[in-house]
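Peer 1: okay, here's the prediction I keep looking at, along with the sequence it came from:
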Amino acid sequence: MSTQRLAFGPFEFIAENGCLLRDNRPVAIGARGASLLAVLLAADGRVVTKSALMDVVWPGLAVEESNLSVQIAALRKLLGPASDGGDWIVTVPRVGYRFSSPVERRTDGPDSPRHSEARSSPGIAVLPFENLGGDAERQYLADGIADDLIMALARFRWFRVASRGASFALRNGPRDPKSIAHHLGVDFLVDGAIRHTGDRMRISVHLADAIKGATVWSEHYDLQVVEVFAVQDAIAERIAAAVEPELLLRHGLQVAPHTGNVTAWDLVRQGTFNFHKVTQPTHLLARRFFREAAELDPMLPEAQIWRARVNAGLIAYGWTENPASDGKEGLDAALRAIYLDARNPYAHYALAIVSAYTGRANQAILAAERSIELGPSFALGYLVLGMARLFVGDAAGARKPLARGLELNPHDPQNAVWFSLLMLALFFSGDLEGALDTGRAALKARPDWPALLRIQACCHTAVGDSQEARRFAAAAGDLPEPAGDALGPFRDGNKEWATCLEGLLRQAGHQTTGSDRTTTFPEV
């Protein structure tokens, strides 16, 4: 697989992934800047009208022409002066802009060192699925599932997806993962198989880190053959949603120690690595990285997205001394992210999660709905939608999105919060057995989260199982108390429900001993 590079002066630009290099070192250009540069370079010195540029950067949106001027100015500042001392980008009055320097087109094959250096985000390829039943007439189904998975993965922005033609061309070639990954220029491989037994089918899926030769994730699905056509899209979405956080986390783990000489995107990766540890020190450190990234490149949407998310987390877990100030920073960052990349579901999720923890649950609902419109298999969108609905007292309306989000993303480090919310939604919509079933799954994910144990105690009290209720209440009391449990807006917005839970905990034998508590029921 070859990659075309557009070279000018000390720069090289890879339009395929928006990567800009200066003297073979990556430059933090931002999504809108990359889009503008790609169009200008492709024009070969011809004038590109303002309307054409705006259609590329803000497709389908009506924006003021001044926004384009701001973007061009930022791009000029980033590139610096041309070799002759002038600007790389020349203004053509009342018409548009053109690129002033000759552009050289270079093509790298997969063996080129520069091709390897330029890969600024992890890549993934979906290989043709094997048809283990040997029935040639069923091969189309195996190919169809792989096709759907490629399209589903392509909707995510954290990684590159090899084209179908490139990956399917290897159907009959060697199956060595390292050589396949090297040939396709990717880091991760997805393969799978389908097997028929009578009227049933098993679909197996495997995600591997091809460079390290390690399995990252695998799963199988057992279905009736007649069900496959109905659930094929759902399977692809489920796989894509499970693969995405694994890739993000795995890629983040490879970040080198902070040296003080890194790009904005490197800073974001440093921050995400710490963010996913979910402790107060690592959240504060992550915020520092995100702030530095946003200052270094104000046009990088990811820096703003993560700055919003980390401030929401600091408020949710009680790790802030100034929630009002952190909430304002989070809201400003989320709105900036949407301005920079309005079609990114993560940007709208960032606004939703900050809104949920700054007393704006109705705004959170709208932002969450928008994130799902943009990414139908976006797990976090469903989770924050359920959260916001529960915060406004709509327990029944919270159930489905919370359950869907947990189904799509079962390995999130913060799932203890989402499980707690789903249990509460089930409980207060009258499904006590469902709440208990969810509690059993929740304890497998996070057996040491006091809020989960106390909700379990309440559920068992409500169904008359006093022995189990006492056991869970006692177990919660034996654990160290976190600074916060992320359920504050639920209690604040639903006083009667909080009082109900407090009474059930008393029946379970729970004792509140902290005289410095502001409420007698602080953790559920």
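Peer 2: Okay, I see it.

Peer 1: got the confidence number for the most far-flung residue of the chain relative to its centre?
Peer 2: Most distant residue from the mean C-alpha position of the chain: D84, 42.9 Å away (CA atoms, centre = their mean). If you check D84, the pLDDT there is 79.

Peer 1: could I get the average pLDDT for stretch 410-429?
Peer 2: Mean pLDDT, stretch 410-429: 87.

Peer 1: OK, contacts around the closest residue to G271 other than its chain neighbours?
Peer 2: Of all residues not flanking G271 in the chain, F289 sits nearest, at 3.4 Å (CB to CB, 6 or more residues apart in numbering). Bear in mind the C-beta positions are built from the backbone N, C-alpha and C, glycine included. Neighbouring residues of F289 by CB atoms under 8 Å, 6 or more residues apart in numbering: H258, L267, V268, Q270, G271, N274.

Peer 1: with A441 instead?
Peer 2: Going by CB under 8 Å, 6+ apart, A441 touches F419.

Peer 1: and it, how far from I89?
Peer 2: To I89, A441 is 55 Å away according to CB to CB, to the nearest Å.

Peer 1: repeat that for A398.
Peer 2: Note on A398: its distance to I89, by CB to CB, is 49 Å.

Peer 1: so the two - more neighbours on which side?
Peer 2: Between A398 and I89, A398 has the larger neighbour count (other CB atoms under 10 Å), namely 26 against 20.

Peer 1: from the contacts of F289, which would you call buried?
Peer 2: The neighbour count (16 or more other CB atoms under 10 Å) marks L267, V268, Q270, G271, N274 as buried among the contacts of F289.

Peer 1: which ones are touching the last one?
Peer 2: Under the criterion of CB under 8 Å, 6+ apart, the contact list for N274 reads T282, H283, L285, A286, F289.

Peer 1: pull the CA atoms of whichever strand or helix holds the fourth one into CSV?
Peer 2: Meaning A286. Applying DSSP states H and E as the criterion places A286 in helix 280-296. Extracted in CSV, the C-alpha atoms of helix 280-296 (Å, rounded to 0.1, in the frame of the first residue of the first chain):
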residue,chain,number,x,y,z
GLN,A,280,-7.2,12.3,41.4
PRO,A,281,-3.5,12.7,40.8
THR,A,282,-3.7,11.3,37.3
HIS,A,283,-6.8,13.3,36.4
LEU,A,284,-5.0,16.5,37.5
LEU,A,285,-1.9,15.5,35.5
ALA,A,286,-4.0,14.7,32.5
ARG,A,287,-5.7,18.1,32.7
ARG,A,288,-2.2,19.7,32.6
PHE,A,289,-1.4,17.8,29.4
PHE,A,290,-4.7,18.8,27.8
ARG,A,291,-4.3,22.4,28.7
GLU,A,292,-0.7,22.5,27.3
ALA,A,293,-2.0,20.9,24.1
ALA,A,294,-4.8,23.4,23.7
GLU,A,295,-2.4,26.3,24.3
LEU,A,296,0.1,24.9,21.8
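
Peer 1: following that helix, which helix or strand shows up next?
Peer 2: helix 301-316.

Peer 1: what sits up against stretch 276-286?
Peer 2: Under the criterion CB under 8 Å, 6+ apart, residues 249, 252, 270-275, 306, 310, 313-314, 317, 319, 413-414, 483 lie in contact with stretch 276-286.

Peer 1: if any of these are buried, put those into a PyMOL selection.
Peer 2: PyMOL command restricting the contacts of stretch 276-286 to the buried ones, with burial defined by 16+ other CB under 10 Å:
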select buried, resi 249+252+270+271+272+273+274+275+306+310+313+314+317+319+414
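
Peer 1: just the contacts of stretch 276-286: which are in helices?
Peer 2: Mapping the contacts of stretch 276-286 onto helices (DSSP state H) picks out L249, G252, Q270, G271, T272, F273, N274, F275, W306, V310, G313, L314.

Peer 1: ok, now which ones touch the fourth one?
Peer 2: In other words, G271. G271 neighbours (CB under 8 Å, 6+ apart): L285, A286, R287, R288, F289, F290, A293, W306, V310.

Peer 1: of these, closest to H348?
Peer 2: Nearest to H348 among the contacts of G271: W306, at 14.2 Å, using CB to CB.

Peer 1: quick check, that closest one in contact with Q270.
Peer 2: No: assessed by CB atoms under 8 Å, W306 is found out of contact with Q270, at 10.4 Å.

Peer 1: if you tally nearby residues, what's the number for D437?
Peer 2: Per other CB under 10 Å, the neighbour tally for D437 reads 14.

Peer 1: pLDDT score for it?
Peer 2: At D437, the pLDDT recorded in the model is 91.

Peer 1: and the gap between it and F419?
Peer 2: Distance, D437 to F419, by CB to CB: 11 Å.

Peer 1: how many other residues sit next to the residue nearest to G327 when sequence neighbours are not counted?
Peer 2: Closest residue in space to G327, ignoring its immediate chain neighbours: T358 at 4.0 Å, by CB to CB, 6+ apart. Residues lying near T358 (other CB under 10 Å) number 21.

Peer 1: circling back: and the residue nearest to G271, how far from H276?
Peer 2: Distance, F289 to H276, using CB to CB: 13 Å.

Peer 1: same deal with D87?
Peer 2: Here the criterion is CB to CB. By it, D87 lies 41 Å from H276.

Peer 1: among the contacts of N274, the buried ones, what's the ChimeraX command?
Peer 2: In ChimeraX, this line selects whichever of the contacts of N274 come out buried by 16+ other CB under 10 Å:
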select :282,283,285,286,289
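
Peer 1: for I353, state which of the contacts of N274 is nearest.
Peer 2: Using CB to CB, H283 is the member of the contacts of N274 that lies nearest I353, at 13.5 Å.

Peer 1: re the thing from before, any chance of the contacts of F289 in a markdown table, plus distance to A473 and pLDDT?
Peer 2: A markdown table is the format used below for these (distance: CB to CB, whole Å; pLDDT from 0 to 100):
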| residue | distance to A473 | pLDDT |
| --- | --- | --- |
| H258 | 44 | 36 |
| L267 | 44 | 80 |
| V268 | 42 | 82 |
| Q270 | 41 | 77 |
| G271 | 38 | 85 |
| N274 | 34 | 82 |
